[in-house]
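Participant: Could you look at this predicted model? Sequence included:
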Amino acid sequence: MSSKEIKVTFETLTPLWTGDAWRKCDQLKLTGILGSLRWWFEALVRGMGYKACDSTGDKCQVEIKNPEDVLNIQEKICPVCYLFGTTGWKSRFSVSVENNNLSKPYNGRVLVRINRGKNWYYESGLMGDVGLKFNYDENIILGVLKEQNEDEKTLTLKDVFPSILKILLYLISKHGMLGAKTSMGYGVVKIQIEDNNISISEDDWNKFENYLKLFNKKFKGSINWLPNLRDFFFVKFNVTGGIDNVINNVKGFFRYQDGIIETNVIDKWKDKNWCITSPIVRKEIRNKIREEFNSNNAIRHFLMGKVAGKNTKFSAIQVSNVYKNKQNKLEFRIYGWLPEINSINSKVNDIIELLTKLFKNTSSWNSKLPSTIQNNICWDNSGLKKINSNIKALFVKNDNQGDYQ
């Protein structure tokens with residue numbers, strides 16, 4: 001075995017949540033990181049037109065009885081399960097912690113209540129930075145790829161894995177969030193590989209596409225009730241004023257609970273340049289959805305989630321807390337998944353139109369989060385749009401595309 005190592009550093013911009021079996025986050029859980037990486041890779045692979053198993057449900061199952069069974073493994077397994085592992089098949093890489101400088105930004109939990117609405121409970125999560133090592137066997141042979149000129153090329157894991165990892169980490173760092181509780185604003189992270197900022201080249205993208213081409217055609221196509229990057233939108237908002245201004249505007253919604261004894265605990269967030277703001281923005285979006293769709297609970301619960309014990313529903317729209325970006329400006333991000341499925345079928349265009357109006361006119365947020373939308377790939381003169389087939393443009397910049405930082 002010839003082991004190769006890639007060092008990755010995660011720096012939190014809002015708290016990171018990787019919960020344990022007791023739903024606590026006292027320390028980093030690698031299973032939480034890997035689960036989040038897999039979820040985003042599934043959405044990306046589906047967006048590229050290939051099937052990806054549901055990591056929370058039925059995954060590929062394979063049985064290797066003879067050494068030659070490995071030679072045609074791509075006929076029996078999806079592109080995600082091949083890399084991340086499944087029943088009968090080991091992951092093609094491993095992850096370990098090199099250094100861990102994560103700690104709780106406060107003790108206990110903060111209760112957020114907006115205008116006599118529901119209570120939101122924010123436990124501390126973890127903030128700081130952590131270094132991870134991704135190890136893989138560079139000599140693993142993936143298969144033979146036929147080039148357009150009919151030449152054959154043998155691909156090894158070394159040929160594609162570094163580029164695939166870069167693409168996946170770039171997606172999370174630039175556009176998404178990492179870990180659990182992303183609907184509550186946790187998980188905005190800055191990611192570096194080998195101490196360098198991530199950028200995706202044409203060569204990286206070609207290697208990713210070559211990897212997908214190795215898989216059997218039966219894995220093409222997707223299931224519309226599973227997250228697919230084509231159905232996503234991503235937007236960011238610049239927030240005017242400094243972090244002091246943001247905190248002063250929203251701290252009236254906060255209460256202390258369960259062990260928080262410092263009366264100035266919120267002021268300590270200034271040092272980390274972040275603040276709990278997600279529930280304020282989410283409430284505004286939820287209210288507009290309720291008004292527009294005449295209290296249609298199916299639409300509202302799909303888009304904004306529902307907390308009801310075992311019947312808790314995933315939120316299709318995720319809203320981050322405010323944080324400071326690499327341009328030293330405050331911002332927050334919103335992304336969402338708008339598929340053509342029963343609960344919102346035939347209403348997707350209406351939802352996009354509603355969000356366009358809300359995002360263009362942030363006057364209702366002005367007393368709390370004065371902000372202006374930042375132009376990016378999911379926004380044009382007519383308003384919000386889904387990624388659709390324009391996935392590559394999320395990663396590889398060209399002369400006709402605005403910078404999305």
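Facilitator: Cool, got the structure.

Participant: pLDDT weak spots in this structure?
Facilitator: Within the chain, the ranges that satisfy pLDDT under 70 run 1, 21, 148-150, 216-224, 256-265, 307-312, 398-405.

Participant: Which parts of it are helices?
Facilitator: Listed in chain order, the helices of the chain (DSSP state H) span residues 30-47, 79-84, 157-174, 202-213, 243-250, 278-292, 297-304, 348-360.

Participant: buried stuff in the second one?
Facilitator: This points to helix 79-84. Neighbour counts using 16 or more other C-beta atoms under 10 Å place Pro79, Val80, Cys81, Tyr82, Leu83, Phe84 of helix 79-84 among the buried residues. Where C-beta positions appear, they are placed from N, C-alpha and C, glycine not excepted.

Participant: Which member of those is positioned nearest Phe232?
Facilitator: Minimum separation from Phe232 among the buried residues of helix 79-84 (C-beta to C-beta) is found for Val80, which lies at 16.9 Å.

Participant: deepest of the helices of the chain, which one?
Facilitator: Looking across the helices of the chain with neighbours counted as mean count of other C-beta atoms under 10 Å, the highest average goes to helix 79-84: a mean of 24.

Participant: quick one: it to chain centroid distance?
Facilitator: With C-alpha atoms, centre = their mean, to the nearest Å as the basis, helix 79-84 stands 18 Å off its chain's centre.

Participant: can you list the residues that contact it?
Facilitator: Contacts of helix 79-84 with the rest of the structure, by C-beta atoms under 8 Å, 6 or more residues apart in numbering, involve 34, 37-38, 41-42, 45, 50, 52-53, 55, 59-60, 73-74, 89, 91-93, 161, 164, 211-212, 215, 219.

Participant: same check, this time on stretch 15-30
Facilitator: Counting by C-beta under 8 Å, 6+ apart, the neighbours of stretch 15-30 from elsewhere in the structure are 10, 31-33, 95-97, 100, 102, 104-105, 123-127, 130, 132, 178-181, 186-187, 189, 274.

Participant: Compute the first-to-last residue distance for that stretch.
Facilitator: One end of stretch 15-30 sits 16 Å from the other (C-alpha to C-alpha, to the nearest Å).

Participant: likewise stretch 96-106?
Facilitator: Its start and end residues considered, stretch 96-106 measures 26 Å (C-alpha to C-alpha).

Participant: Output stretch 283-299 as CSV - backbone C-alpha positions only.
Facilitator: Coordinates of the C-alpha atoms in stretch 283-299 are reproduced here as CSV (Å, rounded to 0.1, in the frame of the first residue of the first chain):
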residue,chain,number,x,y,z
LYS,A,283,-39.1,34.0,10.9
GLU,A,284,-39.4,36.7,8.2
ILE,A,285,-39.2,34.1,5.4
ARG,A,286,-41.7,31.8,7.2
ASN,A,287,-44.2,34.6,7.7
LYS,A,288,-44.0,35.6,4.0
ILE,A,289,-44.6,32.0,3.0
ARG,A,290,-47.6,31.7,5.3
GLU,A,291,-49.1,34.9,3.8
GLU,A,292,-48.4,34.0,0.2
PHE,A,293,-49.7,30.4,0.3
ASN,A,294,-52.7,30.9,2.6
SER,A,295,-51.3,28.9,5.5
ASN,A,296,-50.6,25.9,3.3
ASN,A,297,-48.8,23.8,5.9
ALA,A,298,-47.3,21.3,3.5
ILE,A,299,-45.4,24.0,1.6
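
Participant: And the contacts of it?
Facilitator: Among residues not part of stretch 283-299, those counted as contacts by C-beta under 8 Å, 6+ apart are 114-115, 117, 300, 303-304, 317, 319, 343-344, 347, 350-351, 354-355, 358, 364-365.
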